[in-house]
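>>> below is the sequence, then the predicted model.
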Amino acid sequence: EREEPSHFGAGPAQLPTNVLQQAAKDLVNYQGIGLGIGEISHRSGDATEVIESAKANLRNLMNIPDTHEVFFMQGGGTTGFSSLATNLTAAHVGKTGSKGTAGYLITGSWSAKSLEEAQRLGIDSEAIFNAKDFNNGKFGSIPAESEWAAKLKSKDYSYIYLCENETVHGVEWPQLPRALIDSDVEIVADLSSDILSREIDVSQYGVIMAGAQKNIGLAGLTIYIIKKSILENISSASLDKLRQLGVPITPIAFEYPTVVKNNSAYNTIPIFTLHIIDLVLRQIIAKGGVAAQQKENELKAELLYTALDKYSDFYAVPVAEECRSKMNVVFTLKKEGLDKKFLDEAAALKLTGLKGHRSVGGFRASIYNAVSVESTKTLAQFIEDFASKNA
Ligand code: PMP
């Protein structure tokens, strides 16, 4: 039992209370079998049913076409950075015989970290652009396609990477850039903090990667949606060829074709964590699917940005309007010395998790799927009240 939270933390994030209550029961005794869901073999019928159910529900919710495969892996977003770099480079080798260069669109700290990881591993990779170079050395905007699209044709890119929603800087791509959709290169996207928050066209992506701990579940599992032709290309790249080209070999537990062939259970999948994901997916379906969720999310974002903009002498939103995140609303106070007071008074109203990331300071209200319109209205009202009292 708990009082309904109003938790705006960036992740791990609030989950629906009824999902957690069901999961708590299933952790002790799953469907009356006398054992908890985390205590049975990951290859048992019950575990396989959980895997199949989560896959089917995700397919249904995201309208995933037959050209794409769904799988789950341990590790989180950060292991996604490395596994994407090695698997996708191998795919390019399998397809073309050469390793190519990986291109990254840098719009905030998570895409920057992903590029750093590719480079640390020795993958040939570079930034197509760094948004900081177009915004006085700060993240907070996305350069126009005309600034960078021509570069896509300048060399043999193995894949183009982007982070759809930059969780720390509150910058979200409003949609996939046209130049990428129209190019032949595979699009690889990190959706860790906005998966299932809005409708997307999965057919446009080569790979989607998303850690679970924000919109869809607990930390511990990462969701992958991948074009089947990419899996085939990875399998076509022999280890000898990769060694000869100096491409790092992917550790077996993170090798996509191996994981897919074993239905996400090549090694022990945390099935309790996946069960929670499945319960969350079922709840979104019951609420009317992603379209209904998107409407709610747009309303929540509008409530907060409207309150902040109404008091724009008092609050600063350091993100250009067209790429303001609908998941992570980042803002600061223009007056010094009031930050602690803001957080304390918010906490007194049971509004929690509002402190900004340590690298940028200020505040961040993360309004993931499970944060209610009601909670968001309370926060919007507080934002207005605090401004009018302290201006
Ligand atoms: N990508 C994004 C967009 C994120 O927000 C995060 C974590 N907040 C990560 C990647 C890294 O995820 P993890 O901590 O699971 O490695």
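The structure has been received and is ready for your questions. Numbers count the residues shown, from 1 in each chain.

>>> what is the neighbour count of Lys132?
Lys132: 17 surrounding residues under other Cβ atoms under 10 Å. (C-beta placed from N, C-alpha, C; glycine too.)

>>> what sits against the closest residue to the ligand within the stretch 201-350 of the chain?
Relative to the ligand, the nearest point of the stretch 201-350 of the chain is Gly211 (3.8 Å; Cβ to the nearest ligand atom). The neighbours of Gly211, taking Cβ atoms under 8 Å, 6 or more residues apart in numbering as the test, are 11, 76-77, 80, 192, 219, 221-223.

>>> out of these, which are inside helices?
Residues of these located in helices (DSSP state H): 76-77, 80.

>>> just confirm Ala210 is within a helix.
No: according to DSSP: H, G, I helix; E, B strand; the rest coil, Ala210 belongs to no helix; its state is strand.

>>> contact partners for it?
Applying Cβ under 8 Å, 6+ apart, the residues contacting Ala210 are 77, 190-192, 195, 216, 222-223.

>>> likewise for Ala391?
Contacts for Ala391 were tallied using Cβ under 8 Å, 6+ apart; they are 311, 313-314.

>>> would you show me how to pick out the buried ones of the residues you listed in ChimeraX?
A single ChimeraX command selects the buried members of those (16 or more other Cβ atoms under 10 Å):
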select :311,314
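
>>> could I get the contacts of Ala391 in JSON lines, plus columns for secondary structure?
Listed next are those as JSON lines, based on three-state DSSP:
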{"residue": "Tyr311", "secondary structure": "coil"}
{"residue": "Asp313", "secondary structure": "coil"}
{"residue": "Phe314", "secondary structure": "coil"}
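
>>> so which of the contacts of Ala391 also contact the ligand?
The subset of these within reach of the ligand, by Cβ under 6 Å from any ligand atom, is empty.

>>> make JSON lines from the contacts of Ala391 and add pLDDT and distance to Lys132 to it.
Shown next, in JSON lines, are the contacts of Ala391 (pLDDT from 0 to 100; distance: Cβ to Cβ, whole Å):
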{"residue": "Tyr311", "pLDDT": "98", "distance to Lys132": "28"}
{"residue": "Asp313", "pLDDT": "97", "distance to Lys132": "27"}
{"residue": "Phe314", "pLDDT": "98", "distance to Lys132": "27"}
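
>>> and Leu343, how many residues sit next to it?
Neighbour count for Leu343, taken as other Cβ under 10 Å: 16.

>>> isn't it right up against Lys355?
Yes: assessed by Cβ atoms under 8 Å, Leu343 is found in contact with Lys355 at 6.2 Å.

>>> who touches both of these two?
Phe363.

>>> picking that back up, can you select the buried ones from the contacts of Gly211 in PyMOL?
Selection of buried members from the contacts of Gly211 for PyMOL, criterion 16+ other Cβ under 10 Å:
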select buried, resi 11+76+77+80+192+221+222+223
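
>>> from the contacts of Gly211, which are also near the ligand?
Within those, those near the ligand by Cβ under 6 Å from any ligand atom are 11, 76-77, 192.

>>> now the helices for the chain?
Under DSSP H, the chain gives helices at 17-28, 45-62, 76-96, 109-120, 178-182, 228-236, 239-245, 256-261, 271-286, 289-310, 339-348, 373-390.

>>> reformat these as a markdown table; add mean pLDDT.
Output for the helices of the chain, formatted as a markdown table (pLDDT from 0 to 100):
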| stretch | mean pLDDT |
| --- | --- |
| helix 17-28 | 98 |
| helix 45-62 | 97 |
| helix 76-96 | 98 |
| helix 109-120 | 98 |
| helix 178-182 | 96 |
| helix 228-236 | 98 |
| helix 239-245 | 98 |
| helix 256-261 | 98 |
| helix 271-286 | 98 |
| helix 289-310 | 98 |
| helix 339-348 | 97 |
| helix 373-390 | 98 |
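
>>> among the ones you listed, which is nearest Arg324?
Among the helices of the chain, the nearest to Arg324 by Cβ to Cβ is helix 289-310 (6.3 Å).

>>> what does the stretch 51-200 of the chain put close to the ligand?
Contacts of the stretch 51-200 of the chain with the ligand, taken as Cβ under 6 Å from any ligand atom, map to 76-78, 110, 163, 167, 190, 192-193.

>>> contacts only, for the nearest residue to Gly9 once chain neighbours are set aside.
What sits nearest to Gly9 in space, not counting adjacent residues and going by Cβ to Cβ, 6 or more residues apart in numbering, is Gly353, at 3.1 Å. Taking Cβ under 8 Å, 6+ apart, we find Gly353 in contact with 7-10, 366.

>>> what does Pro248 give?
The contact partners of Pro248, by Cβ under 8 Å, 6+ apart, come to 86, 121-123, 242.

>>> for Ala189, same thing?
Here Ala189 is in contact with 161-164, 176, 205, 207-209 (criterion: Cβ under 8 Å, 6+ apart).

>>> and Phe134, how many neighbours?
As a burial measure, Phe134 scores 16 neighbours (other Cβ under 10 Å).

>>> can you pull the contacts of the residue lying closest to it once chain neighbours are set aside?
Spatial nearest neighbour of Phe134, chain neighbours left out: Pro143 (4.3 Å); criterion: Cβ to Cβ, 6+ apart. Pro143 sits next to 129, 131, 133-134 when contact means Cβ under 8 Å, 6+ apart.

>>> top of the residues you listed by neighbour count?
Counting by other Cβ under 10 Å, top hit in the contacts of Pro143: Ala131 with 25 neighbours.

>>> need the nearest residue in space to it, chain neighbours excluded.
Thr107 (4.7 Å).

>>> do the same with Gly217
Closest to Gly217 by Cβ to Cβ, 6+ apart is Ile277, at 4.0 Å.

>>> the one you found against Ala212, yeah?
Yes: contact criterion Cβ under 8 Å: Ile277 and Ala212 qualify, at 5.7 Å.

>>> how near is Thr78 to Arg120?
12 Å (Cβ to Cβ, to the nearest Å).

>>> between the two, point out the one with more neighbours.
More crowded of Thr78 and Arg120, by other Cβ under 10 Å: Thr78, with 15 against 11.
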